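1. please find the sequence and the predicted model below.
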Amino acid sequence: MKKFKAILVTDNEGEFELLKKEIPFEDLPDGEVLIRVNYSSINYKDGLALNGNKGKVIRKFPMVPGIDLAGVVEESSSIDFKEGDQVVATGSGLSETVWGGFSEFARLDSNKVIHIPKGIDLKRSMAIGTAGFTSMLCVLALEKNGINKEKNVIVTGAAGGVGSIAVAVLANLGYKVTASTGREENISFLKNLGAIDCISRENLMRDSKPLESATWGGAIDTVGGEIISTIIAQLDRNSSVASCGNAGGINLNSTVLPFILRGVNLLGIDSVNCEYNLRKEAWSRLERDLPLEKLDSLSNLISFEELLDESKKILNGSIRGRTIVKIN
Ligand SMILES: NC(=O)c1ccc[n+]([C@@H]2O[C@H](COP(=O)([O-])OP(=O)(O)OC[C@H]3O[C@@H](n4cnc5c(N)ncnc54)[C@H](OP(=O)(O)O)[C@@H]3O)[C@@H](O)[C@H]2O)c1
């Protein structure tokens, strides 16, 4: 019987069990597109899923975790994909209710699969992964609602996966980017990505007034909590913050004053259930607006064997940029 290697998570009466095992092909769930997975990546949610399913990422057992995958189509019953196509899948329920990318093979419905744009190869598509895709969704949301080019755009959690790609894209688009980080040792890394200055996260992690000096022409926030509350109070007139993360907490303590006196916008970003045309737009904008040398400088490749140890680091905020996992 033909088998493939994967990580499988089971729930035995509340006991979370994680095994690296050989799985028979016939156990792969139904789907139109069979993909030989070359690379996956580590996102914050993967850290949660692999280390006790904290935050309850996995909602159906047994589950192959991994919210991202990139690979080559082996078989397809969909007219949109053919054998040999290079494809990527991010979010879309992977590692939640659909078997994901920490596996040599995956079978998915075609509406979860995207052709990788020609200017991005398989490995780089996973340097991007959910994190980079989310950064681009934030940029698109800010553009649709107006970013003020006169003032700086702030990115929080800037040395992380979403943050570092957001810095590189915004700087390449000509925005003046301020990177907020809690790790001083990453200042030169962030300046090399294009940030014109950096501020310590401590400056924002505090009780804020309802309105503070109008400083930012836009913001991408990956942290939440006190940080996003302070940013809302500091947004310039008609500016927006794209809220995509909660690395620092889920609370949002604000007043209506920034919204009614400065016309600021709070934009919610959901990369998991994002609709197909927006997915295609985001990948095509990543091909155009993310400089490959910057992407390479913020990404790091590990083996399938190193995955579990590395996944612990993302939970304590010690990973810089993006981690690609070589699967096949
Ligand atoms: N909405 C969506 O669809 C979506 C998609 C992807 C990710 N996310 C969320 O976005 C967030 C970032 O994801 P990621 O993959 O970029 O994770 P990551 O690589 O771990 O980056 C998170 C960054 O946040 C900062 N940080 C970590 N712990 C913190 C704390 N306790 N207080 C303040 N700052 C802290 C760190 O940046 P510095 O060292 O620079 O301060 C860290 O590098 C996560 O909450 C993730 O779940 C959401």
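-> Yep, it's here.
2. every contact and neighbour count from this point should use C-alpha atoms.
-> Noted.
3. touching, L122 and I116? I think so.
-> Yes: taking Cα atoms under 8 Å as the definition, L122 is a contact partner of I116 at 7.5 Å.
4. any shared contact partners between those two?
-> In terms of Cα atoms under 8 Å, 6 or more residues apart in numbering, L122 and I116 are both contacted by the residues 86-88.
5. ends of stretch 107-118, how far apart?
-> Taking Cα to Cα, to the nearest Å as the measure, stretch 107-118 stretches 23 Å from start to finish.
6. from the chain's centroid, how far away is that stretch?
-> Taking Cα atoms, centre = their mean, to the nearest Å, one finds the center of stretch 107-118 at 17 Å from the center of the full chain.
7. show me the chain divided up by domain.
-> Segmentation of the chain into domains, based on automatic domain parsing, reads 3-115+298-326, 131-268.
8. what ranges do the helices span in the stretch 51-200 of the chain?
-> Assignment of helices within the stretch 51-200 of the chain using DSSP state H, counting those that start in this stretch yields the ranges 122-145, 161-172, 187-193.
9. do you know how far I231 is from G217?
-> Between I231 and G217 the computed distance is 11 Å (Cα to Cα).
10. my bad, I196
-> Taking Cα to Cα as the measure, I196 and G217 are separated by 14 Å.
11. flag every residue of this structure that's near the ligand.
-> With the criterion set to Cα under 6 Å from any ligand atom, the chain comes near the ligand through 43-45, 130-131, 134, 157-163, 181-183, 222-223, 244-248, 269-272, 314, 317, 319.
12. okay if I get the domains of the chain as TSV plus mean pLDDT and distance to N277?
-> What follows is those, written out as TSV (pLDDT from 0 to 100; distance: least, Cα to Cα, whole Å):
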stretch	mean pLDDT	distance to N277
domain 3-115+298-326	95	10
domain 131-268	97	12
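13. now the ones you listed in CSV, with mean neighbour count?
-> Compiled in CSV, the domains of the chain are given as follows (neighbours: other Cα atoms under 10 Å):
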stretch, mean neighbour count
domain 3-115+298-326, 20
domain 131-268, 21
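14. mind checking which of these is nearest L290?
-> domain 131-268 (5.1 Å; Cα to Cα).
15. residues in contact with the most centrally placed residue in the chain?
-> In the chain, the centroid-proximal residue (Cα atoms, centre = their mean) is A131; its distance is 1.7 Å. Shown here is A131, whose contacts under the criterion Cα under 8 Å, 6+ apart are 43, 161-162, 165.
16. show me what N300 is bridged to.
-> N300 forms beta bridges with T323, as assigned by DSSP bridges.
17. C-alpha coordinates for stretch 133-145, CSV please?
-> In CSV, the C-alpha atoms belonging to stretch 133-145 read as follows (Å, rounded to 0.1, in the frame of the first residue of the first chain):
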residue,chain,number,x,y,z
PHE,A,133,-0.5,37.0,2.1
THR,A,134,-2.0,38.7,5.2
SER,A,135,0.4,41.6,4.9
MET,A,136,-0.8,42.2,1.3
LEU,A,137,-4.4,42.0,2.4
CYS,A,138,-3.6,44.7,4.9
VAL,A,139,-2.0,46.9,2.3
LEU,A,140,-4.9,46.4,-0.1
ALA,A,141,-7.4,47.3,2.6
LEU,A,142,-5.4,50.5,3.5
GLU,A,143,-5.2,51.4,-0.2
LYS,A,144,-8.9,51.0,-0.7
ASN,A,145,-9.6,53.2,2.3
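18. which residues sit against that stretch?
-> Contacts made with stretch 133-145 from outside it, assessed by Cα under 8 Å, 6+ apart, are listed as 162-163, 165-166, 169-170, 218, 220, 239-244, 265, 267, 269-271, 282-283, 285-286.
19. and the gap between the closest residue to E22 other than its chain neighbours and I327?
-> Closest residue to E22 apart from its sequence neighbours, by Cα to Cα, 6 or more residues apart in numbering: K5 at 4.5 Å. Here K5 is placed at a distance of 9 Å from I327 (Cα to Cα).
20. return every residue with contacts to both of the two.
-> Taking Cα under 8 Å, 6+ apart as the contact rule, K5 and I327 both touch 103-104.
21. picking up where we left off before, okay, the helices of the stretch 51-200 of the chain in a markdown table with distance to D80 next?
-> Written out in a markdown table, the entries for those read as follows (distance: least, Cα to Cα, whole Å):
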| stretch | distance to D80 |
| --- | --- |
| helix 122-145 | 19 |
| helix 161-172 | 29 |
| helix 187-193 | 36 |
